[in-house]
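Student: Sharing a model that was predicted from the sequence below.
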There are 2 protein chains.
Amino acid sequence: MSQSFDIAVIGATGTVGETLVQLLEERDFPVDSLYLLASSESAGSSLPFKGRNLRVRDVADFDFSQVTLAFFAAGEAVTRSFAERAQVAGCSLIDLSGALTLDKAPCLVPEANAGALQGLTRPYSLTSPSASAVALACVLAPLANQLGLRHVTVTACLAVSSLGRQGVKELARQTAELLNARPLVSRFFDRQIAFNLLAQSGDPDSEGHAALERRMAAEIKQLLGQPALSVAATCALAPVFFGDSFSVSLQVEGDVDLPAVLELLRTAPGVELVEEGDYPTAVGDAVGQDAIYVGRVRRGIDGPRELNLWIASDNVRKGAALNAVQSAELLIKHYL
Amino acid sequence: MSQSFDIAVIGATGTVGETLVQLLEERDFPVDSLYLLASSESAGSSLPFKGRNLRVRDVADFDFSQVTLAFFAAGEAVTRSFAERAQVAGCSLIDLSGALTLDKAPCLVPEANAGALQGLTRPYSLTSPSASAVALACVLAPLANQLGLRHVTVTACLAVSSLGRQGVKELARQTAELLNARPLVSRFFDRQIAFNLLAQSGDPDSEGHAALERRMAAEIKQLLGQPALSVAATCALAPVFFGDSFSVSLQVEGDVDLPAVLELLRTAPGVELVEEGDYPTAVGDAVGQDAIYVGRVRRGIDGPRELNLWIASDNVRKGAALNAVQSAELLIKHYL
């Protein structure tokens, strides 16, 4: 395994892109040349990588035939503009933006559906799914067979960093203004997020669902290999900088065997079970960590065919950048 | 209706008690003498009422035969110590602490189950249910017949004021420390609540459910008159000072008739429907208001037999103090 690869990171200046570059170094990913790219507005800055400062260049000028693999960590519009150019140049890609359809770029969460890579052809196009789907897939995949999942109800309380740096800045600014008793002006969000919850992230469609909610539901089904699974998803924004929290309620086929579920979670890859008597939180446990934290695992108040749990994950690291890098590690090990 | 009543408020110095006294004045409740009471530690202070300052006395020294009606707005322990004394003295009571069992002190939310007062005998013992149950009952009661409710899944993101003044102080203190880059010391909560979510409020029992979750589930069933309804409840704490948010998913018997549901909510007493294109938030809409706000009313992504919605309410005002005062108004109108 002394082979190394030429790699591009598109959207290198964003929160996820920056973390992705850090992880490539931290995990000693076999990089030969690393190209950092961004849209023209963000090009020109530089990022440290293995003791050097790499310049961020304009993606519009990039020749994708120079690289084997590209991470698309920018917004959906950038992926839509450049993904095809990468593929035509023979470059495999892992998209984190959700811009590609799941039939053309299947979801991959190595802990949940590593087998999905079989049968795909080169150049590979993969989706690193939404942070919500990554978290849920890591926890639900090892349970799915045992439980016989029928219906998943999830309320995601997302960190403002799920909307990038502007979300983080706005929460900090609003909070400081309120604590200093200055009048609140909302800029990035259309209303007060400090000390408040926003019931949706992004505009709802004609049926009332936000794109992120539909995306998460579709991704979970694909990741679990259960296209007929029924999912109810609500994605709200919480006044939290980093770290998503998920309240999950599962309806299953038979009575829940709680000891068996707990044992599966104790040994599940990428999952840290917080045992009874304690519970996980986004900030206290998940942020900065590679694992998805799960706790409050309990049967329904009113029925043994229900399992409730609480999940906390680092939305930028494990939910996005790390899952993309782990997917790339799997790809280079067996397929590239 | 020129009759007026001698009234006691136990727990008058707490956030709910203080709001309750304000509401008695604001709504021109027919008070003859008002006795403000608290446990010995809190006695001695005073509260304004109709232009006078009323002294808060020690509840242990109080003769309940002086009053027709007592509001128990203190903690459970105080209710347990003094409720029986009040009843023996012939005093009707409305308990806000949840200390009494629902068979002895039935839940009342006037918008949902005003008829529950029929058949009770004097002195009346009523429970003003948890803020979560008040919010859900106001929204679900008018829908229950139309929908044929089978299963309610609710994730409550509770404000820290649900734990009283100490919760509010601790969130303010932690937030200021973090914004000023000082090391965080948790006091009232056992961990960081600022910019974080806590997955539970109160210790879980041997089956993993917090007392508040069980209470809320039992109250909802009683308020809707559906003892066999199945409820999944998760009560988390959010870094929000005032105002609870609820993500609710309902499973119902037939296909949801969304226009009919919306019309029922538009005309439901005590409910404000936030129409499509907007959504309610705790701080922006509910706090300081008498109504329960509901929005994001939509059918399931995967099934027409599911209805999802988001509820925001003022946990101290409508969720506690106002519901108790409205219950008392109903009681004096017809029964006292």
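Tutor: Noted; the coordinates are in hand. Residues are numbered from 1 along each chain as shown, chains lettered A, B, ... in the order given.
Student: can you give me the helices for the stretch 51-200 of chain A?
Tutor: A:76-88, A:110-113, A:131-147, A:165-179 (DSSP state H, counting those that start in this stretch).
Student: Which one of the residues in the stretch 101-250 of chain A is closest to chain B?
Tutor: Across the stretch 101-250 of chain A, the shortest distance to chain B (C-beta to the nearest C-beta) belongs to A:Gly208, at 3.0 Å. Glycine gets a C-beta too; all of them are placed from N, C-alpha and C.
Student: Would you mind pulling the contact partners of stretch A:185-194?
Tutor: Outside stretch A:185-194, the residues within contact range by C-beta atoms under 8 Å, 6 or more residues apart in numbering or on different chains are A:160, A:163, A:166-167, A:169-171, A:173-175, A:177-178, A:184, A:198, A:237, A:239, B:281, B:283-284.
Student: where are the low-confidence patches of chain A?
Tutor: For chain A, applying pLDDT under 70 flags the ranges A:1-2.
Student: contacting residues around stretch A:105-114?
Tutor: Applying C-beta under 8 Å, 6+ apart, the contact partners of stretch A:105-114 are A:93-95, A:116-117, A:120, A:125-129, A:133-134, A:137-138, A:140-141, A:219, A:222-225, A:268-271, A:323, A:326-327, A:329-330.
Student: Would you check which of those are in contact with chain B?
Tutor: Among the contacts of stretch A:105-114, no residue sits close to chain B (C-beta under 8 Å from any C-beta of the partner chain).
Student: Turn the buried ones among those residues into a named PyMOL selection, would you?
Tutor: Typed into PyMOL, the next command selects the buried ones out of the contacts of stretch A:105-114 (criterion: 16 or more other C-beta atoms under 10 Å in any protein chain shown):
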select buried, chain A and resi 93+94+95+116+117+120+125+126+127+128+129+133+134+137+138+140+141+219+222+223+224+268+270+271+323+326+327+330
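Student: Run the chain-centre distance for stretch A:106-115.
Tutor: 13 Å (C-alpha atoms, centre = their mean, to the nearest Å).
Student: and A:Ala260, helix, strand or coil?
Tutor: Of the three states, A:Ala260 takes helix according to DSSP: H, G, I helix; E, B strand; the rest coil.
Student: can you count the residues close to A:Gly303?
Tutor: Burial of A:Gly303 is recorded as 15 neighbouring residues (other C-beta atoms under 10 Å in any protein chain shown).
Student: domain ranges for chain A?
Tutor: Here the domain parsing of chain A from automatic domain parsing is A:5-129+A:320-334, A:133-315.
Student: quick revisit: burial-wise, tell me which of the helices of the stretch 51-200 of chain A comes out on top.
Tutor: Highest mean neighbour count of the helices of the stretch 51-200 of chain A: helix A:131-147, a mean of 25 (counted as mean count of other C-beta atoms under 10 Å in any protein chain shown).
Student: other SSEs contacting that one?
Tutor: helix A:110-113, strand A:149-158, helix A:211-224, strand A:244-252, helix A:258-267, strand A:271-273, strand A:292-299, strand A:306-313 (3 or more C-beta pairs under 8 Å, 6 or more residues apart in numbering or on different chains; DSSP states H and E).
Student: Could I have the CA atoms of the second one written out in PDB?
Tutor: What follows is strand A:149-158 as a C-alpha-only set of coordinates in PDB (Å, rounded to 0.1, in the frame of the first residue of the first chain):
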ATOM      1  CA  LEU A 149     -37.400  -1.500  11.300                       C
ATOM      2  CA  ARG A 150     -40.700  -0.300  10.100                       C
ATOM      3  CA  HIS A 151     -40.900   3.400  10.800                       C
ATOM      4  CA  VAL A 152     -38.300   5.900  11.900                       C
ATOM      5  CA  THR A 153     -39.300   9.200  13.400                       C
ATOM      6  CA  VAL A 154     -36.400  11.700  13.800                       C
ATOM      7  CA  THR A 155     -36.200  15.200  15.100                       C
ATOM      8  CA  ALA A 156     -32.800  16.700  14.300                       C
ATOM      9  CA  CYS A 157     -31.700  19.700  16.300                       C
ATOM     10  CA  LEU A 158     -29.000  20.900  14.000                       C
END
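Student: And that strand, what's buried?
Tutor: A:149, A:151-158.
Student: Skipping its backbone neighbours, what lies nearest the residue most central in space within chain A in space?
Tutor: Nearest to the mean C-alpha position of chain A, counting by C-alpha atoms, centre = their mean, stands A:Ala131 at 2.5 Å. Excluding its sequence neighbours, the residue lying closest to A:Ala131 (C-beta to C-beta, 6 or more residues apart in numbering or on different chains) is A:Gly319, at 2.7 Å.
Student: Check whether that neighbour really touches A:Leu136, as I assumed.
Tutor: No - between A:Gly319 and A:Leu136 there is no contact under C-beta atoms under 8 Å: 10.4 Å.
Student: Make JSON lines out of the helices and strands packed on helix A:131-147 and add distance to B:Pro30.
Tutor: As requested, these are exported to JSON lines (distance: least, C-beta to C-beta, whole Å):
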{"stretch": "helix A:110-113", "distance to B:Pro30": "63"}
{"stretch": "strand A:149-158", "distance to B:Pro30": "43"}
{"stretch": "helix A:211-224", "distance to B:Pro30": "49"}
{"stretch": "strand A:244-252", "distance to B:Pro30": "43"}
{"stretch": "helix A:258-267", "distance to B:Pro30": "53"}
{"stretch": "strand A:271-273", "distance to B:Pro30": "57"}
{"stretch": "strand A:292-299", "distance to B:Pro30": "46"}
{"stretch": "strand A:306-313", "distance to B:Pro30": "45"}
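Student: out of the ones you listed, nearest to B:Ala291?
Tutor: Nearest to B:Ala291, of all those, is strand A:149-158, at 22.6 Å by C-beta to C-beta.
Student: The closest one packs against which elements?
Tutor: Secondary-structure packing of strand A:149-158 (3+ C-beta pairs under 8 Å, 6+ apart): helix A:131-147, helix A:211-224, strand A:230-237, strand A:244-252, strand B:149-158, strand B:244-252.
Student: Walk me through which strands it pairs with, and which way each runs.
Tutor: Using DSSP bridges, the strands paired with strand A:149-158 are strand A:230-237 (parallel), strand A:244-252 (antiparallel).
Student: circling back: how about the residue nearest to the centre of chain A, what does it touch?
Tutor: A:Ala131 sits next to A:158, A:162, A:244, A:313, A:315-316, A:318-320 when contact means C-beta under 8 Å, 6+ apart.
Student: gap between A:Glu207 and B:Thr155?
Tutor: Distance of A:Glu207 to B:Thr155, computed by C-beta to C-beta, to the nearest Å: 21 Å.
Student: do A:Ser4 as well
Tutor: Distance, A:Ser4 to B:Thr155, using C-beta to C-beta: 46 Å.
Student: Do I have it right that A:Thr155 meets B:Thr155?
Tutor: Yes - with contact defined as C-beta under 8 Å, A:Thr155 and B:Thr155 form a contacting pair (4.2 Å).
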